[in-house]
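*Asks:* need a structure here:
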Amino acid sequence: MTTDTMTLAFELAALRQIREPQAVIVDARRWAQNVGLVSTDSCAAHVFSAEHLIRRDFQIAPTASNFQHLSSRITTERHVLVGESPDRPDYLPQHHWEYFALADAASAADWELDNNEAKPRKQLTSWLARVFRS
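*Replies:* Here you go, the predicted structure:
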């Protein structure tokens, strides 16, 4: 374990690809002081967090200003985003934020990615939950 402090953010799309998201968040809390979600759909992020019993310290929309505000509010030595794409997203500020693609982060941390067989069912269930709550 390192001595530096870290804020770790997960794109919701990336966290959905992990076999056991709750276990990953619990693992991440061993070495990150703050763990949160990034999503354009706050309702979907809330539903996902509730379904998987995930405690998040923050939730933000993926904009440069939100990330800048977060890094000024939460003063840790490192700010890291784990995202779905192999490339750094345009919305992530170059200053104060590191980026790791889910595949690289999962490999380094021994997180098991979900198989894609159950993904359509999960997406349908999530969609139905949003429809019936409206």
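*Asks:* pLDDT wise, what is Ser65 at?
*Replies:* The predicted local distance difference test score for Ser65 is 97.
*Asks:* Please report the distance of it from Asn34.
*Replies:* Here the criterion is CB to CB, to the nearest Å. By it, Ser65 lies 18 Å from Asn34. Using the backbone N, CA and C atoms, a C-beta is placed for each residue, glycine as well.
*Asks:* Okay, buried residues for stretch 24-40 please.
*Replies:* By neighbour count with 16 or more other CB atoms under 10 Å, stretch 24-40 contains the buried residues Val24, Ile25, Ala28, Ala32, Asn34, Val35, Gly36, Leu37, Val38, Ser39.
*Asks:* neighbours around Arg88, how many?
*Replies:* Using other CB atoms under 10 Å, Arg88 has 15 other residues around it.
*Asks:* I meant to write Ile18 there.
*Replies:* As a burial measure, the neighbour count of Ile18 was computed by other CB under 10 Å and equals 21.
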